[in-house]
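1. Sequence first, then the predicted structure:
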Amino acid sequence: MFHKILIANRGEIALRIIRACKEMGIKTVAIHSDVDQEALHVSLADESICIGPAASADSYLNMKAVISAAQVADADAIHPGYGFLSENAEFAEICEQCGVTFIGPSAESMRLMGDKISARKTVTAAGVPILPGANESVETTEAAQKIAESIGYPVIIKASAGGGGRGMKIVHSPASLANALATARTEAQAGFGKADVYIEKFCERPRHVEIQVLGDKHGNVIHLGERDCSIQRRHQKLIEEAPCPLLTPELRERMGACAVAAAKAVNYSSVGTVEYLLDTDGSFYFMEMNTRVQVEHPVTEMVTGVDIIKEQINSAAGLPLRYQQSDIKISGHAIECRINAEDPEKFTPFPGKITGYHTPGGMGVRVESAMYDQYTVLPHYDSMIGKLIVHAETREQAIKRMASALDEYIIEGIKTTIPFHQKMMAKKEFIDGDFDTNFLERTKI
Ligand code: MV4
């Protein structure tokens, strides 16, 4: 097992990793920027090193600075958390070259899944369903027209190097195809340094359902069931839950088996997530695989009892999985609300000083946050300042427990998304499970 882990992240996920390390008897090193001196991850880790100025590009994203810090502190592994360097294959490679274990999948797995065209090819060969479309880069209007005609409109153009909703163009008719293709390619080149785009059938009212997978360096992969992350706004997830209220045990087993097959197809050896679109008729289609731990992993922990971060660290250390698929049982229902320092009406950032702070508690209530009274939420980083997670026997009880916990949560001095979540917990469509990924676009909360 590792002796000391450097945590290449900040905020609640850095705390989550530090806590897992403490329970595992592993020492921790925090890294931080100039402006993060007062951040909680700095005081909770055994050691801390300042690695640069406020701008992420000069600190949390600075590969040389992060690896130098690991070497100075004599850390034998780096946990990247989510965001920042977590899906950077080059960083994973450099870590290994420097004799530091990257706590995540191999650089090769990350590359195969990071390029969406290669991911489509790879999972198709493994028998995983994808939406009808082309598995090649589309370069000319003629090629695009041919594909669109064969699959039928509407279609969607996506950047091969994109993901998470960035660089997508929906096309409803042949008249707008040429323009959309040109724009998509230009934006892909500018945004991701690669113009390659592909075309697939556009699914109009999907649910976003994703499967948590867990792999080791011995070729074992299992899944921990699904999360429904359909409540999003501009590709930012706001509420996640497990299980998905729509899945039958049979559908869960098929989606899970396909997720395991997708992971095995790239020799996946860490925790990861296979994202699907679930259509209104119960068909599901592979969208992409996230090769990192995700923000919403706690809902899966609550319904399975598996500590996903500990398993990730164990796998990176070369230990075999401690679970078999038959050990995994889904119990009860969990919901997570993301608490962002944002205006709850406009969803615009609202950083500033917290002048009063009280967290909810009680049975089945979990808070993952690096906030404390008098802490100043910085404008330089992501606005997500915490996650409120509840677990109860049924979905109905979980919604009530969440509503009660939200009422207890006091954050003064800044605006947060708590009022949005309070309204959602009382919203008929949410209570009935009657929503899709476009819900917030067409519904006034
Ligand atoms: C789609 C789609 C409909 N049809 N692909 C958005 C995130 C990125 N992973 C892919 N996304 C979508 N891809 C096809 N063929 C609809 C979306 C989508 C979406 C997906 C999940 C959650 C929220 C969403 C909001 C808008 C669009």
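-> On my side now, so go ahead.
2. give me the number of residues near the residue of the stretch 301-445 of the chain at minimum distance from the ligand?
-> Going by CB to the nearest ligand atom, the ligand is nearest to Thr437 of the stretch 301-445 of the chain, at 3.4 Å. Every residue, glycine included, has its C-beta placed from N, CA and C. Each residue near Thr437 was counted by other CB atoms under 10 Å, and the total is 20.
3. Out of the helices and strands in this structure, which is least certain?
-> strand 166-171 (a mean of 89; mean pLDDT, DSSP states H and E).
4. List of residues touching that one?
-> Here strand 166-171 makes contact (CB atoms under 8 Å, 6 or more residues apart in numbering) with 148, 153-159, 162, 177, 180-181, 183-184, 187-188, 191-192, 197, 202, 235.
5. and after that strand, which helix or strand comes next?
-> helix 177-192 (DSSP states H and E).
6. ok, whichever helix or strand comes after that following helix near the ligand or not?
-> Sequence order places strand 197-201 as the next helix or strand after helix 177-192, per DSSP H and E. Yes - using CB under 6 Å from any ligand atom, strand 197-201 reaches the ligand at 200-201.
7. host element of the nearest residue in space to Thr280 that is not next to it in sequence?
-> Excluding the flanking residues, the one nearest Thr280 by CB to CB, 6 or more residues apart in numbering is Arg205, at 5.7 Å. Counting by DSSP H and E, no helix or strand carries Arg205.
8. Next one: Arg205 relative to Leu44, how far apart?
-> In this view, Arg205 and Leu44 are 43 Å apart by CB to CB, to the nearest Å.
9. higher neighbour count, the two?
-> Leu44 (17 against 13).
10. Now do the strand or helix carrying Val29: distance to the chain's middle.
-> Val29 is part of strand 27-33 when elements are defined by DSSP H and E. Distance of strand 27-33 from the chain centroid (CA atoms, centre = their mean, to the nearest Å) equals 22 Å.
11. List the contacts of it.
-> Applying CB under 8 Å, 6+ apart, the contact partners of strand 27-33 are 3-8, 10, 14, 17-18, 21-22, 39, 41-42, 44-56, 58-60, 65-66, 69-70, 73, 75, 380.
12. out of those, which are buried?
-> Those of the contacts of strand 27-33 that meet the buried threshold are 4-8, 10, 14, 17-18, 21, 39, 41-42, 44-45, 47-52, 56, 59-60, 65-66, 69-70, 73, 75, by 16 or more other CB atoms under 10 Å.
13. Partner strands of the strand holding Val29, with direction?
-> Note on strand 27-33: by DSSP bridges, its sheet partners are strand 4-7 (parallel), strand 47-52 (parallel).
14. ok, residues contacting stretch 305-323?
-> Residues outside stretch 305-323 that contact it (CB under 8 Å, 6+ apart) are 1-2, 5, 16-17, 20-21, 23-24, 26, 77, 79, 101-104, 212, 214-218, 220, 222, 224, 269-271, 293, 297, 300-301, 328, 331.
15. For Ser230, see how far away the residue nearest to Glu187 when sequence neighbours are not counted is.
-> In space, and not counting its chain neighbours, Glu187 is closest to Gly167: 5.4 Å by CB to CB, 6+ apart. Noted for Gly167: a distance of 21 Å to Ser230, by CB to CB.
16. And Asp327, by the same measure?
-> 28 Å.
17. And Gly193, by the same measure?
-> Gly193 is 31 Å from Ser230, where distance means CB to CB.
18. try Gly352
-> Taking CB to CB as the measure, Gly352 falls 31 Å from Ser230.
19. Please name the residues that touch the residue positioned nearest the centre of the chain.
-> By CA atoms, centre = their mean, the chain has its centre lying nearest to Gln294, at 3.3 Å. Residues near Gln294 by CB under 8 Å, 6+ apart: 82, 210, 273.
20. How is the second one assigned, secondary-structure-wise?
-> So the one you mean is Glu210. strand (DSSP: H, G, I helix; E, B strand; the rest coil).
21. shouldn't it be in contact with Leu278?
-> No - Glu210 is beyond contact range of Leu278, at 9.9 Å (criterion: CB atoms under 8 Å).
22. Give me every residue in the chain lying close to the ligand.
-> Checking the chain against the ligand by CB under 6 Å from any ligand atom, the hits are 131, 156, 164-165, 200-203, 206, 208, 232, 235, 275, 277, 287-288, 437.
23. what separates the closest residue to Val295 other than its chain neighbours from Lys387, distance-wise?
-> Nearest non-adjacent residue to Val295, counting by CB to CB, 6+ apart: Tyr82, 6.0 Å away. From Tyr82 across to Lys387, the span is 12 Å (CB to CB).
24. Name the residues contacting each of these two.
-> Val295.
25. When those two are compared, which one has more neighbours?
-> Lys387 (22 against 17).
26. What count of nearby residues applies to the residue lying closest to the more buried one once chain neighbours are set aside?
-> Distances taken as CB to CB, 6+ apart place Glu368 nearest to Lys387, at 4.4 Å, with adjacent residues excluded. Neighbourhood size, Glu368 [other CB under 10 Å]: 19.
27. Wait, a strand at Glu368?
-> Yes - per three-state DSSP, Glu368 lies within a strand segment.
28. then the lengthiest strand in the chain to PDB, C-alphas only?
-> Assignment by DSSP state E gives strand 221-233 as the longest strand of the chain. The C-alpha trace of strand 221-233 is given here as PDB (Å, rounded to 0.1, in the frame of the first residue of the first chain):
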ATOM      1  CA  VAL A 221     -14.300  -5.300 -13.500                       C
ATOM      2  CA  ILE A 222     -17.700  -5.000 -11.700                       C
ATOM      3  CA  HIS A 223     -20.400  -2.400 -11.700                       C
ATOM      4  CA  LEU A 224     -22.200  -0.700  -8.800                       C
ATOM      5  CA  GLY A 225     -25.500   0.000 -10.500                       C
ATOM      6  CA  GLU A 226     -26.700   3.300 -12.000                       C
ATOM      7  CA  ARG A 227     -27.200   6.900 -11.200                       C
ATOM      8  CA  ASP A 228     -29.900   9.100 -12.800                       C
ATOM      9  CA  CYS A 229     -28.400  12.500 -13.600                       C
ATOM     10  CA  SER A 230     -31.100  13.900 -15.800                       C
ATOM     11  CA  ILE A 231     -31.600  17.100 -13.700                       C
ATOM     12  CA  GLN A 232     -29.100  19.300 -15.400                       C
ATOM     13  CA  ARG A 233     -28.800  22.900 -16.600                       C
END
